[in-house]
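Engineer: the following comprises the amino acid sequence and a computationally predicted model.
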Amino acid sequence: MSGATILIADDDRAIRTVLSQALGRAGYDVRTTGNASMLWRWVSNGDGDLVITDVMMPDENGLDLLPRIKRIRADLPVIVMSAQNTLMTAVKATERGAYEYLPKPFDINELKAVVQRALSRVKERPTLEEGAAQDGDDMPLVGRSPAMQEVYRVLARLMPTDLTVMITGESGTGKELVSRALHDFGKRRNAPFVAVNMAAIPRELIESELFGHEKGAFTGASERSSGRFEQAQGGTLFLDEIGDMPIEAQTRLLRVLQQGEYMTVGGRNPIKTDVRIIAATNQDLKKLIKQGLFREDLFYRLNVVPIRVPPLRERSEDIPDLVRHFLAKVVTEGLPAKIIDKSALDWMKGYYWPGNVRELENLVRRLGALYVEDVIGADIIQAELQEPAESRAENTINRDDNMVEAVERHLDTYFAAHKNSLPPSGLYDRLIREVERPLILKSLEATRGNQIRAADLLGLNRNTLRKKIKDLNIQVVRGAKD
Ligand SMILES: Nc1ncnc2c1ncn2[C@@H]1O[C@H](COP(=O)(O)OP(=O)(O)OP(=O)(O)O)[C@@H](O)[C@H]1O
């Protein structure tokens, strides 16, 4: 729709200039203003085919103007750009009827593509009623890094839809929190959110857990029982650790996604279902597909919109905000208030965070519970977390060392870091766990996930190994062919 008129409101002259040049060159008529009142005047006069507005302007917040624009000109697409890059800005912009939300800084070509899309589809997007969004303090997801903003942008676009979503990310990155945000701010928010963790349910019970069972369907089924699909009716079903779903249950799930109905275990009549599915995994599903452990057709049904939650090490700039958030949270749990100083924060930014945000949250809780110091410095953090990412390579066991020497050196550093005090109690278990985890992981790798052979290799009883795998939260890729 070349020749269309675009109205731009931003109090930053440089942005106005860049946008008006780029869009002018693309063949649009562009009008710019530095305040919201001029924009409102143009819109109420019926001018313009599309609006691009900033949020913070000297006379009014662009997000407050948005519902008024939509009330008088519902079809006018509005693109909101903002440097206030929180999930709530993205959610509010979407809820109030923005066509698109672009966190600053953005790529000018991306903006041009959005403008083109908006003008070729001048049609009102479904908007949500207002009132769901809350401000600042209750922010469900903390962090304003570019990596998280991208997540927020996708979330905001998905909220008014029922699309199936697949959330991937390492353990502890916040996948469940993302799925909750999608539900809590989406159109199903008044209906149930039901979360099921595939890894936590015995495999033989998963189908009955999800779809329910009839009385007498199997030994022990003395009563009819409703499944999670029934409990989530009208709402959202969050299928966590989807890679652990047994293949028979996958077939059943695929049928639900294809036909919108399912049968209980032992049941004869199909039951209609209206549930939004959000799946999550920290495994590589493509690898599981190759190994015949995950159905490819189910993968494509679930992977309609993929969201990757980045590991914490890729967004270390979020660490200070997250630390502040967790410090405030532990105070509400009755633990003393602490300050984590800048040297400590800097050190944390260089750490690898294998357990991601969960590890950070647990660390903050430990600091509150175990240390008498009001101000926590880098030495304490270092002792708690052992070693920063950069020094990891130097500190790992030197190939020429024997293990005893390496462990001794490691412990010397650990004790030295505590200077005149002792490390927190529980050292024995902590250290053994640290050795146990890689030992079991490597043994499973060597036996390609075969637990019987791994138990044999380790000289452990099979049940003991199984329990350790569970306790240490180790993901086993099962069934790989030798
Ligand atoms: N961005 C965030 N802001 C605030 N808290 C967060 C954030 N991300 C994660 N958390 C917190 O970290 C912990 C782990 O998050 P969550 O359970 O959502 O991770 P997950 O990726 O689903 O983990 P797993 O794969 O192990 O199930 C939770 O206590 C959650 O509240």
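Structural biologist: Everything's here; your move. Residues are numbered from 1 along each chain as shown.
Engineer: who in the stretch 201-350 of the chain is up against the ligand?
Structural biologist: By CB under 6 Å from any ligand atom, the residues of the stretch 201-350 of the chain that approach the ligand are 240, 282, 325. From N, CA and C alone the C-beta is placed, and that goes for glycine too.
Engineer: list phi and psi for the first one.
Structural biologist: Per-residue torsions, Asp240: phi -90, psi 150 (degrees, to the nearest 10).
Engineer: what residues are up against it?
Structural biologist: Contacts for Asp240 (CB atoms under 8 Å, 6 or more residues apart in numbering) come out as 175-176, 195-199, 279-280.
Engineer: now the buried members of those.
Structural biologist: Buried members of the contacts of Asp240, counted by 16 or more other CB atoms under 10 Å: 175-176, 195-196, 198-199, 279-280.
Engineer: JSON lines for those, including pLDDT and secondary structure?
Structural biologist: Below are the buried ones among the contacts of Asp240 laid out as JSON lines (pLDDT from 0 to 100; DSSP: H, G, I helix; E, B strand; the rest coil):
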{"residue": "Lys175", "pLDDT": "95", "secondary structure": "helix"}
{"residue": "Glu176", "pLDDT": "94", "secondary structure": "helix"}
{"residue": "Ala195", "pLDDT": "93", "secondary structure": "strand"}
{"residue": "Val196", "pLDDT": "92", "secondary structure": "strand"}
{"residue": "Met198", "pLDDT": "88", "secondary structure": "helix"}
{"residue": "Ala199", "pLDDT": "85", "secondary structure": "helix"}
{"residue": "Ala279", "pLDDT": "97", "secondary structure": "strand"}
{"residue": "Ala280", "pLDDT": "96", "secondary structure": "strand"}
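Engineer: now these as CSV including distance to Arg366?
Structural biologist: Listed next are the buried ones among the contacts of Asp240 as CSV, based on distance: CB to CB, whole Å:
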residue, distance to Arg366
Lys175, 23
Glu176, 22
Ala195, 26
Val196, 30
Met198, 29
Ala199, 25
Ala279, 32
Ala280, 26
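Engineer: quick one: contacts for the residue of the chain found nearest the ligand?
Structural biologist: In the chain, the residue that lies nearest the ligand is Gly174 (2.6 Å; CB to the nearest ligand atom). When contacts are counted by CB under 8 Å, 6+ apart, Gly174 touches 141, 309, 356-357.
Engineer: cool, Gly260 as well?
Structural biologist: Per CB under 8 Å, 6+ apart, neighbours of Gly260: 272-274.
Engineer: report pLDDT for it.
Structural biologist: Each residue has a pLDDT score; the one for Gly260 is 92.
Engineer: any idea how far it lies from Lys187?
Structural biologist: For Gly260, the distance to Lys187 equals 18 Å [CB to CB, to the nearest Å].
Engineer: buried residues of stretch 363-370, list them for me.
Structural biologist: Buried-residue list, stretch 363-370, by 16+ other CB under 10 Å: 363-365, 367-368.
Engineer: closest to Ala344 out of those residues?
Structural biologist: Of all the buried residues of stretch 363-370, Leu367 has the smallest distance to Ala344: 9.4 Å, by CB to CB.
Engineer: which of the contacts of Gly260 fall within helices?
Structural biologist: Among the contacts of Gly260, no member falls in helices (DSSP state H).
Engineer: just the buried ones from the residues you listed?
Structural biologist: Thr273.
Engineer: how about the contacts of Gly260 in TSV, adding pLDDT?
Structural biologist: Output for the contacts of Gly260, formatted as TSV (pLDDT from 0 to 100):
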residue	pLDDT
Lys272	93
Thr273	93
Asp274	94
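Engineer: which single helix of this structure contains the most residues?
Structural biologist: helix 427-446.
Engineer: what sits up against the helix or strand following that helix?
Structural biologist: Once the chain leaves helix 427-446, the next helix or strand it forms, by DSSP states H and E, is helix 451-458. Contacts to helix 451-458, defined as CB under 8 Å, 6+ apart, come from residues 439-440, 443-444, 446-447, 461-462, 464-466, 469, 476, 478.
Engineer: and for stretch 346-360?
Structural biologist: Counting by CB under 8 Å, 6+ apart, 169-174, 311-313, 316-317, 319, 322-323, 326, 362, 378, 381-382, 385, 388-390, 392 sit against stretch 346-360.
Engineer: fine by me, we can end here.
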